[in-house]
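Peer 1: Structure for the following, please:
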Amino acid sequence: MIGILVTVLSVIAAAVLTWPSFFRIEQVFPLAQAVSFRALLVAGFIAITVVMLLLAFIRPMRTFVLSIALVTALAAVANGFILGARGFGSDDLPAPTDTSVRVMTWNTAGAATDPATIAQMAVAMKADIVALPETTIETGEQVAVQMRDLGQRMWAHHVEFEEPEGDSWDAQSTSLLISPELGDYSVIESSANGSSNTSQLPSAVVMPLDGDGPIVVAVHAVAPRPGYMEKWQEDLRWLADQCAENNVIMAGDFNATLDHMARWGVDGAALGTCYDGASASGNGAVGTWPTSLPRLAGVPIDHVMATEHWVATGSSVLPVGSSRSDHRPLIVQFEPAG
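Peer 2: Residues are numbered from 1 along each chain as shown. Presented below is the predicted three-dimensional model:
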């Protein structure tokens with residue numbers, strides 16, 4: 001009887017970890033953190049399966065351990081299939097075209113990444129839009145200057161929150177660089193003054209002054225730590241609202257995987273009406289954080305998203321080089337739809 005109960009509980013646990021959004025627990029602590037590491041869950045399920053198969057040589061336990069092995073093996077396969085559908089990694093980034101837009105995001109961790117490293121990478125990747133969470137306006141302007149010196153002009157935009165005591169740190173700043181070839185842009189006031197923004201860390205929303213081109217959102221949502229879970233959920237809801245019917249490109253540190261966003265996707269989209277560019281181009285399962293883990297063991301919490309006005313034609317999760325940031329850069333190339 002105990003064996004049957006344990007088997008049933010194992011089935012429930014495996015199902016919850018594999019399809020958290022179905023059970024509406026993808027944003028509940030600590031399951032929200034656990035389901036972030038799908039690749040490690042696969043490894044865990046495989047390890048349990050192997051142990052159970054070894055224990056099956058003990059005759060009195062055979063039926064019970066084989067039933068557990070079946071459950072964990074199926075869970076490993078299901079999670080592996082989900083990861084495979086999102087993409088285990090592809091560096092097929094096509095050459096830029098006259099109509100393409102390349103969008104790069106990198107949480108630089110402030111002083112952990114010097115402006116020259118950011119500029120060199122952005123120029124090497126021919127980025128038209130560069131979202132830089134945890135990057136001050138001074139650093140953003142230095143990056144723009146160095147990119148200009150390397151032959152690629154960019155306009156620097158910025159949003160900053162301040163602590164009540166007046167202290168500031170790099171996570172309170174988000175910079176956004178946009179190529180002049182996309183037109184003139186301006187940070188909207190509600191984003192700049194924080195009356196409409198992510199809750200704890202700033203996101204920058206910029207609008208094209210000529211009415212053409214996409215609205216661009218440089219994202220920095222708060223992390224889902226104990227004490228901040230409600231703020232994190234509010235941030236994801238706010239980001240979904242930004243990605244409504246308009247022509248929108250969002251890039252940055254969402255501090256969330258696609259599983260966490262599922263309830264706010266509209267008509268099959270990832271978040272609001274935006275779809276995930278990395279998943280659409282073979283890199284959705286590649287971890288961007290932390291850099292201390294291998295790429296396929298990490299968590300894809302940095303994203304480049306767009307509405308159906310854009311089609312992702314390629315992407316790449318990049319090495320950090322000399323940077324000490326715990327996030328990997330991500331670049332996605334889009335072409336206008338239709």
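Peer 1: Return the list of helices and strands in contact with the lowest-mean-pLDDT helix or strand in the chain.
Peer 2: Lowest mean confidence among the helices and strands of the chain (mean pLDDT, DSSP states H and E): helix 189-192, at a mean of 80. Secondary-structure packing of helix 189-192 (3 or more Cβ pairs under 8 Å, 6 or more residues apart in numbering; DSSP states H and E): strand 204-208. Where C-beta positions appear, they are placed from N, C-alpha and C, glycine not excepted.
Peer 1: Return the list of helices and strands in contact with the strand it packs on.
Peer 2: Looks like strand 204-208 contacts strand 155-160, strand 173-178, strand 185-187, helix 189-192, strand 215-220 (3+ Cβ pairs under 8 Å, 6+ apart).
Peer 1: any idea which of those is most buried?
Peer 2: Sort those by mean neighbour count, taking mean count of other Cβ atoms under 10 Å, and strand 173-178 sits at the top with a mean of 28.
Peer 1: Report the distance from that strand to the chain centre.
Peer 2: 17 Å (Cα atoms, centre = their mean, to the nearest Å).
Peer 1: I'd say Ile249 and His303 touch.
Peer 2: No - at 11.0 Å, Ile249 does not count as touching His303 under the criterion of Cβ atoms under 8 Å.
Peer 1: Thr113: how many residues sit nearby?
Peer 2: Using other Cβ atoms under 10 Å, Thr113 is surrounded by 27 other residues.
Peer 1: Surely it touches Ser325?
Peer 2: Yes - using Cβ under 8 Å, Thr113 is in contact with Ser325, at 5.1 Å.
Peer 1: where do the contact lists of the two overlap?
Peer 2: Here Thr113 and Ser325 have Trp106 as joint contacts, going by Cβ atoms under 8 Å, 6 or more residues apart in numbering.
Peer 1: now what about the least confident helix or strand of the chain, what contacts it?
Peer 2: Val159, Ser195, Ser196, Asn197, Pro202, Ser203, Ala204, Val205, Val206.
Peer 1: Need the max-distance pair from the residues you listed.
Peer 2: Spanning the widest gap among the contacts of helix 189-192 are Ser195 and Val206, at 16.1 Å by Cβ to Cβ.
Peer 1: When these two are compared, which one has more neighbours?
Peer 2: Neighbour count, other Cβ under 10 Å: between Ser195 and Val206, Val206 has more, with 24 against 8.
Peer 1: how near is the more buried one to Trp264?
Peer 2: According to Cβ to Cβ, to the nearest Å, Val206 stands 22 Å off from Trp264.
Peer 1: got the residue ranges for the helices in this protein?
Peer 2: Ranges of helices within the chain are 2-18, 31-34, 38-55, 62-86, 115-124, 137-149, 189-192, 229-242, 258-261, 277-280, based on DSSP state H.
Peer 1: Could you tell me which residues make contact with the nearest residue in space to Asp184 that is not next to it in sequence?
Peer 2: Among residues not flanking Asp184 along the chain, Leu209 sits closest, at 4.3 Å (Cβ to Cβ, 6 or more residues apart in numbering). If a contact means Cβ under 8 Å, 6+ apart, then Leu209 has Gly183, Asp184, Tyr185, Ser186 as its contacts.
Peer 1: Val205 against Ile188, yeah?
Peer 2: Yes - with contacts counted by Cβ under 8 Å, Val205 reaches Ile188, the gap being 5.1 Å.
Peer 1: Please say which of those two ends up with more neighbours.
Peer 2: Shown here are Val205 and Ile188; by other Cβ under 10 Å, Val205 has more neighbours (23 against 16).
Peer 1: Just the pLDDT for the more buried one.
Peer 2: In this model, Val205 is scored at 96, pLDDT.
Peer 1: Could you measure from the closest residue to it other than its chain neighbours over to Thr139?
Peer 2: Leaving aside its sequence neighbours, Val205 sits nearest to Ser191 (Cβ to Cβ, 6+ apart; 4.0 Å). According to Cβ to Cβ, Ser191 and Thr139 sit 19 Å apart.
Peer 1: For Ser175, give me its contacts.
Peer 2: Shown in contact with Ser175 (Cβ under 8 Å, 6+ apart): Leu132, Thr135, Thr136, Ile137, Thr139, Gly140, Val143, Ala156, His157, His158, Ala204, Ala218.
Peer 1: how about 6 Å then?
Peer 2: Neighbour list for Ser175: Leu132, Thr135, Gly140, His158 [criterion: Cβ atoms under 6 Å, 6 or more residues apart in numbering].
Peer 1: any chance of these in CSV, plus pLDDT?
Peer 2: Compiled in CSV, the contacts of Ser175 are given as follows (pLDDT from 0 to 100):
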residue, pLDDT
Leu132, 98
Thr135, 97
Gly140, 97
His158, 94
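Peer 1: nearest to Pro329, of those residues?
Peer 2: Leu132 (9.8 Å).
Peer 1: Next up, the contacts around that closest one.
Peer 2: Counted by Cβ under 6 Å, 6+ apart, Leu132 has contacts Thr108, Ser175.
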